[in-house]
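>>> Just to be clear, the model below is a prediction. Sequence and coordinates:
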Amino acid sequence: MMRVVIYLLGLTCIAYCSYVNLYTTQAVNSLKNIFRTYQLKMVAAIPALVAVWFLVSIPAAKCPWPFWIAGLLAAAEAAAAFFNPNQIYSKMIDWWFENISEQTHKIISIAGIIFGVLILTLAK
C-alpha cells in the first residue's frame, strides 16, 4: 500500500513540474492566486500533507534518506507557513513571485521532474 503512495508522490511531482515547465506564466499566476485567496494557515496544510506522505512511505522505499529529507523539509515549510514568524514566509512568497525569472522557474521545474523520477525509482 505504501508503494502506491510513493508512485502517487512521484507521478504528482512529475505532472505538476511538467505543467510548470510547459505553462510557466499560467502556473505561477495560479499559484500566486492561491496565496492571495487563502490564508497561509490554510495553505500550510498542503506541505503538511506532503510531509506526512513522504514520512509514511519510508518503509516502502529502497533508500529512505531522500524521503526523510523531503518529508522534514515539507514539515519545516508547513510550520513556517503556519506560524509565519516575523512575516518571513510572506516575504519569501513575495520574493518568489516578483523577483524570480521565468527561466528560473523552468530550471526549478526540471529539477522537480528529476526528483519525481528519483522518487519512482526508489519504490521497492
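Thanks, I have it. Numbering: from 1, shown residues only.
>>> what about Val5, how many residues close to it?
16 (other CB atoms under 10 Å). In this view, the C-beta of every residue, glycine as well, is placed from N, C-alpha and C.
>>> so who does it touch?
Val5 is in contact with 53, 56-57, 60, counting by CB atoms under 8 Å, 6 or more residues apart in numbering.
>>> Give me the buried stretch members for the helix or strand that contains it, please.
Using DSSP states H and E, Val5 sits in helix 2-22. Neighbour counts using 16 or more other CB atoms under 10 Å place 5-6, 9-10, 13-14, 16-17, 20-21 of helix 2-22 among the buried residues.
>>> swap in stretch 33-47?
35, 40, 43-44, 47.
>>> mind listing the helices for the chain?
Taking DSSP state H, the helices of the chain run over residues 2-22, 24-37, 40-43, 45-56, 65-83, 88-99, 102-121.
>>> And the shortest one, what does it pack against?
Using 3 or more CB pairs under 8 Å, 6 or more residues apart in numbering; DSSP states H and E as the contact test, the elements touching helix 40-43 are helix 65-83.
>>> relative to helix 2-22, how tilted is the helix it packs on?
Relative orientation of helix 65-83 versus helix 2-22 (axes from the mean of the first three to the mean of the last three CA atoms, to 10 degrees): 70 degrees.
>>> How far does helix 65-83 sit from its chain's centre?
9 Å (CA atoms, centre = their mean, to the nearest Å).
>>> Mind listing residues that contact that helix?
So helix 65-83 is contacted by 40-41, 43-48, 50-55, 57-58, 61, 88-89, 115, 118-119, 122 (CB under 8 Å, 6+ apart).
>>> Point to the residue nearest the middle of this protein.
Nearest to the mean C-alpha position of the chain, by CA atoms, centre = their mean, lies Pro47 at 6.6 Å.
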